[in-house]
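Asks: just need the structure, nothing else, for what follows:
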Amino acid sequence: MPKKSAGLLLFRAVAGTVEVLLVHPGGPFWTKRDEGGWSIPKGEFSDDEDPMHAALREFKEEMGEAVTGDFIALQPRRQAGGKVVYAWAVKSDFDPTRLRSNTFSMEWPPRSGPQQVFPEIDRAAWFPVHVARIKILKGQVGFLDELQGKSSDPQFHRAIFHR
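Replies: Sure, this is the predicted structure:
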């Protein structure tokens, strides 16, 4: 059974442009990786957990606060390593300065003995979709494509820009 993750793709309208919120993983392996290193806030869940519940839980754990709104289910995406990611888009205006990520510990430097603590997410930022396509992990680009497809629907467009 492949591993599964669930997450949220937050979006907002700014000056007639759709922006999405992406997060950058913490820890030493991601320090210098920018392009192709960002992700939607997400995390793994077990077979007995509802994916939507997991997405909400993971957002709160990784970002430090809950998000509410009208959630739009996106098609699950299989990542290069086999993991399946479930995602929901939701209009929100999360302030990245309020990021309060949970942490993890690992031996660092490798084989040195001491454990160091790192944030699971070291930063979050809003990007126009065309920039997000460069920043996001390749396996998650389809979520952006799907959101863009929906945003061209007149009813969805009105909901984004006129609420």
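Asks: what segments of this protein are helices?
Replies: 51-63, 129-135, 141-151, 154-161 (DSSP state H).
Asks: mean neighbour count, distance to residue 113 and mean pLDDT added to these, as a markdown table?
Replies: Heads up, the C-betas are built off the backbone N, CA and C, glycines and all. Formatted as a markdown table, the helices of the chain follow (neighbours: other CB atoms under 10 Å; distance: least, CB to CB, whole Å; pLDDT from 0 to 100):
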| stretch | mean neighbour count | distance to residue 113 | mean pLDDT |
| --- | --- | --- | --- |
| helix 51-63 | 20 | 28 | 96 |
| helix 129-135 | 16 | 35 | 96 |
| helix 141-151 | 17 | 39 | 90 |
| helix 154-161 | 12 | 51 | 63 |
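Asks: now render these as a markdown table, adding distance to residue 117.
Replies: A markdown table is the format used below for the helices of the chain (distance: least, CB to CB, whole Å):
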| stretch | distance to residue 117 |
| --- | --- |
| helix 51-63 | 15 |
| helix 129-135 | 26 |
| helix 141-151 | 30 |
| helix 154-161 | 39 |
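Asks: closest to residue 82 out of the ones you listed?
Replies: Closest approach to residue 82 among those is made by helix 141-151 (15.6 Å; CB to CB).
Asks: name the residues that touch the closest one?
Replies: For helix 141-151, contacts defined as CB atoms under 8 Å, 6 or more residues apart in numbering pick out 9, 11, 18, 20, 40, 72, 74-75, 77, 87, 89, 129, 132-133, 136, 156-157, 160.
Asks: quick revisit: of all the helices of the chain, which lies closest to residue 1?
Replies: Using CB to CB, the nearest of those to residue 1 is helix 51-63, at 14.2 Å.
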